[in-house]
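*Asks:* here is my input, please return the structure:
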Amino acid sequence: MQNLLTLLQTTIDGILIGGVYAVISIGLSLVFGVMHIVNFAHAEFLMIGMFIAWFAWNYAGIDPMLGAFIALAVTFVLGMLMQRTMIKPILHAPQVSQIFLTVGLLFALENGALLLFGADYRSVSTGYQTQALTLLSTEAGRLFVPLDKLYAFLMALLSGGALWYFLSRTRWGRAMRATAQDPMAARLMGIDTDKMYMIAFGLGVGTTAFGGAVILPYITASPTVGSQFVVLMFTAVVLGGLGSVAGAVVGGIMVGLIQSFSALFLPIQLMNLTLFVIFILVLAFRPEGLTARRRA
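*Replies:* All right, here's what the predicted structure looks like:
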């Protein structure tokens with residue numbers, strides 16, 4: 001019974017954290033799917049979202065779950081400005097130029113945050129951080145859901161659902177998908193592809209910042225926090241298929257479960273070993289992603 005409870009608890013933890021991984025990875029996959037550019041600075045917007053939520057909590061008493069919407073709005077505008085001034089000029093440049101630009105942007109954002117905020121770690125204090133919802137209680141132990149992770153998961157689910165509705169049910173979302181499929185045909189149909197690129201980049205970095213804000217109750221903010229998530233984000237989108245929003249969701253859940261079960265069976269120093277091994281194997285044998293259909 002105790003072993004069964006341990007496995008169930010590990011599964012719950014993996015799904016909860018995987019849901020957040022999914023929403024921060026959706027943005028990366030959306031940007032690639034629409035603009036066909038890999039943004040290596042994407043994880044830095046998670047850091048920006050965390051700091052925005054921290055300042056909102058520290059100076060205005062706004063809970064990080066609500067501060068996430070402020071982070072989304074601010075980074076959405078910031079992302080559109082960056083796309084127009086930095087990303088647009090290199091959209092049709094060689095891939096090496098795109099890589100150099102986004103890697104340079106990564107260092108600029110990280111070091112800019114170090115200059116502005118220092119290297120200190122910042123955390124928040126909420127009433128639900130130490131609370132948990134008990135699902136099952138027996139003599140062998142109990143099955144519970146930490147409220148901070150549950151709220152983060154539900155907020156991630158909300159943002160992911162809103163993005164899905166936007167892409168599949170709105171006129172702008174359909175225009176964005178048309179732009180991703182065939183930019184030339186989209187322009188001939190009267191779609192402003194430049195505007196679609198701006199919105200896609202803004203939404204991509206905005207959803208990642210949103211995800212960063214909702215995990216603030218259980219992860220401290222620092223200028224270098226993006227480096228903890230960048231490999232996880234790329235692993236999630238590679239597992240699900242780069243450019244697929246639905247695949248990023250599946251990949252994020254998979255990453256969360258792999259991490260959770262690895263921590264159960266391996267020493268803490270090797271927690272990510274299984275994840276990286278799977279990442280390399282997928283790149284080698286299924287580079288299109290586990291959820292994508294093989295092309296004939």
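*Asks:* so which residues of the stretch 51-200 of the chain form strands?
*Replies:* Here the stretch 51-200 of the chain has its strands, by DSSP state E, counting those that start in this stretch, at 132-138, 141-146.
*Asks:* point out the most buried one among these.
*Replies:* Highest mean neighbour count of these: strand 141-146, a mean of 16 (counted as mean count of other Cβ atoms under 10 Å). C-beta here means a position set from N, CA and C on the backbone, and glycine is covered the same way.
*Asks:* neighbouring strands - and their directions - for that one?
*Replies:* strand 132-138 (antiparallel) (DSSP bridges).
*Asks:* state the mean pLDDT of the partner strand.
*Replies:* Mean pLDDT, strand 132-138: 86.
*Asks:* so how far is it from its chain's centroid?
*Replies:* Computed by Cα atoms, centre = their mean, to the nearest Å, the separation of strand 132-138 from the middle of its chain amounts to 29 Å.
*Asks:* repeat for stretch 257-268
*Replies:* Stretch 257-268 sits 21 Å away from the centroid of its parent chain (Cα atoms, centre = their mean).
*Asks:* so where is the stretch 1-150 of the chain shaky, pLDDT-wise?
*Replies:* Along the stretch 1-150 of the chain, segments meeting pLDDT under 70 span 1-2, 140.
*Asks:* 80 instead, please
*Replies:* 1-3, 137-141 (pLDDT under 80).
*Asks:* contacts only, for the closest residue to residue 105 other than its chain neighbours.
*Replies:* Closest residue to residue 105 apart from its sequence neighbours, by Cβ to Cβ, 6 or more residues apart in numbering: residue 41 at 4.0 Å. Residues near residue 41 by Cβ atoms under 8 Å, 6 or more residues apart in numbering: 102, 103, 105, 106, 109.
*Asks:* buried ones only from those residues, please, as a PyMOL command.
*Replies:* Here is the PyMOL selection string for the buried members of those, based on 16 or more other Cβ atoms under 10 Å:
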select buried, resi 102+105+106+109
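*Asks:* in contact with residue 240, which residues?
*Replies:* So residue 240 contacts 25, 29, 246-252, 254, 289-291 (Cβ under 8 Å, 6+ apart).
*Asks:* quick one: buried ones out of the residues you listed?
*Replies:* Neighbour-count burial (16+ other Cβ under 10 Å) is assigned, among those, to 25, 29, 247, 248, 249, 250, 251, 252, 254, 289, 290, 291.
*Asks:* would you list every one of the helices in this protein?
*Replies:* Taking DSSP state H as the test, the helices found in the chain are 2-35, 42-60, 64-82, 95-117, 147-169, 171-181, 183-188, 193-214, 226-240, 245-265, 273-285.
*Asks:* hmm, back to that, if we only consider the buried ones among the contacts of residue 240, which is nearest to residue 227?
*Replies:* residue 25 (15.7 Å; Cβ to Cβ).
*Asks:* hmm, back to that, out of the strands of the stretch 51-200 of the chain, flag the one nearest residue 170.
*Replies:* Minimum separation from residue 170 across the strands of the stretch 51-200 of the chain (Cβ to Cβ) falls at strand 141-146, 33.0 Å.
*Asks:* re the thing from before, show me which of the buried ones among the contacts of residue 240 is closest to residue 278.
*Replies:* Among the buried ones among the contacts of residue 240, and counting by Cβ to Cβ, the member closest to residue 278 is residue 254, at 8.4 Å.
*Asks:* what residues are up against the closest one?
*Replies:* Contacts for residue 254 (Cβ under 8 Å, 6+ apart) come out as 18, 236, 239, 240, 290.
*Asks:* in CSV: the contacts of residue 240, plus distance to residue 143.
*Replies:* Shown next, in CSV, are those (distance: Cβ to Cβ, whole Å):
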residue, distance to residue 143
25, 28
29, 32
246, 29
247, 30
248, 29
249, 25
250, 25
251, 26
252, 23
254, 22
289, 32
290, 29
291, 29
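*Asks:* closest one of the residues you listed to residue 184?
*Replies:* For those, the closest approach to residue 184 (Cβ to Cβ) belongs to residue 29, at 22.6 Å.
*Asks:* quick check: chain neighbours aside, which residue is closest to that closest one?
*Replies:* Ranked by Cβ to Cβ, 6+ apart and with sequence neighbours excluded, the top spatial neighbour of residue 29 is residue 248, at 4.0 Å.
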